[in-house]
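Novice: need a 3D model of the following:
(chains A and B)
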Amino acid sequence: DTAVSQTPKYLVTQMGNDKSIKCEQNLGHDTMYWYKQDSKKFLKIMFSYNNKELIINETVPNRFSPKSPDKAHLNLHINSLELGDSAVYFCASTSTGELFFGEGSRLTVL
Amino acid sequence: SQQGEEDPQALSIQEGENATMNCSYKTSINNLQWYRQNSGRGLVHLILIRSNEREKHSGRLRVTLDTSKKSSSLLITASRAADTASYFCSSHNTNAGKSTFGDGTTLTVKP
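Specialist: Numbering: from 1, shown residues only, chains lettered A, B, ... in the order given. This next block holds a predicted model:
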């Protein structure tokens, strides 16, 4: 079983559209994250949730709205997509500080 | 870099040689971790060193930490072609509840 799974793996869409990426972890971790990795491979934290509660919001535009229906799930909804949103989005979870990553969702905005 | 720096950005070596990557970070930490990312994949945790430790080994990996210089190094000994990947350090602050990643080093090991 995949520990941290994200869907979809690839997403190609037009500017202005709204899209969602889903993440689920079966590790029993309390904390989940969204990271953005740009074309230069820089990894930047976007959000952190602990037990469904938002802990970190790293000055991400309001167009990005995370939702955690339970501690095993953290979804990311993006409104009004822009060209600069093209990146690979990684979900991760942890209980001890060691991060377990999903395989990433590559978003391409045309 | 806003996040922390790694050097070199890219490293190309022959199989059997050692590879050393360095990382600097900016804030106080509880631990520092190293991750590996194969092309098109997610990051995989390699090793964690706590702020009160100076050196740690795991198989062919050796990590050092110098908190006075806010720096760490990752040494991979007797490299293999399968070690080809990007390597990232991540400084973790428990109070802040987050891990901040360095810019990464892309390692190519030629067979």
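
Novice: bridging residues for the closest residue to residue B:10 other than its chain neighbours?
Specialist: Spatial nearest neighbour of residue B:10, chain neighbours left out: residue B:106 (4.6 Å); criterion: C-beta to C-beta, 6 or more residues apart in numbering or on different chains. (Glycine included, C-beta is placed from N, CA and C.) Taking DSSP bridges as the rule, residue B:106 bridges to residue B:10, residue B:86.

Novice: pretty sure residue B:106 sits against residue B:6.
Specialist: No. Using C-beta atoms under 8 Å, residue B:106 is not in contact with residue B:6; the gap is 9.8 Å.

Novice: before we move on, back to that, contacts only, for the residue nearest to residue B:10.
Specialist: Counting by C-beta atoms under 8 Å, 6 or more residues apart in numbering or on different chains, residue B:106 touches A:41, B:9, B:10, B:11, B:85, B:86.

Novice: which stretch of helix or strand covers the residue most central in space within chain A?
Specialist: Nearest to the geometric centre of chain A sits residue A:34, at 3.5 Å (C-alpha atoms, centre = their mean). Following DSSP states H and E, one finds residue A:34 within strand A:31-37.

Novice: now swap in residue A:67 and tell me
Specialist: strand A:64-70.

Novice: quick one, that strand and strand A:31-37 angle?
Specialist: Counting by axes from the mean of the first three to the mean of the last three C-alpha atoms, to 10 degrees, strand A:64-70 lies at 150 degrees to strand A:31-37.

Novice: mind telling me which residue of chain A is nearest chain B?
Specialist: Going by C-beta to the nearest C-beta, chain B is nearest to residue A:101 of chain A, at 3.7 Å.

Novice: which strand residues bridge that residue?
Specialist: Going by DSSP bridges, residue A:101 forms beta bridges with residue A:92.

Novice: how many neighbours does it have?
Specialist: Using other C-beta atoms under 10 Å in any protein chain shown, residue A:101 has 23 other residues around it.

Novice: do residue A:20 as well
Specialist: Residue A:20 has 14 nearby residues by other C-beta under 10 Å.

Novice: now residue A:43
Specialist: Residue A:43: 24 neighbours (other C-beta under 10 Å).

Novice: OK, contacts around it?
Specialist: A:35, A:36, A:37, A:90, B:3, B:43, B:88, B:101, B:104 are the contacts of residue A:43 under C-beta under 8 Å, 6+ apart.

Novice: 6 Å - rerun?
Specialist: When contacts are counted by C-beta atoms under 6 Å, 6 or more residues apart in numbering or on different chains, residue A:43 is found next to A:35, A:37, B:101.

Novice: pick out the lowest-pLDDT one from these.
Specialist: Within the contacts of residue A:43, pLDDT reaches its minimum at residue B:101, with 92.

Novice: excluding chain neighbours, give the residue nearest to it in space.
Specialist: Closest to residue B:101 by C-beta to C-beta, 6+ apart is residue A:43, at 4.1 Å.

Novice: how about that neighbour: which residues does it bridge to?
Specialist: residue A:37.

Novice: which secondary element of chain B has the worst mean pLDDT?
Specialist: strand B:5-7 (a mean of 79; mean pLDDT, DSSP states H and E).

Novice: chain A now?
Specialist: Lowest-scoring helix/strand for chain A, mean pLDDT, DSSP H and E: strand A:53-57, at a mean of 85.

Novice: alright, that wraps it up for me.
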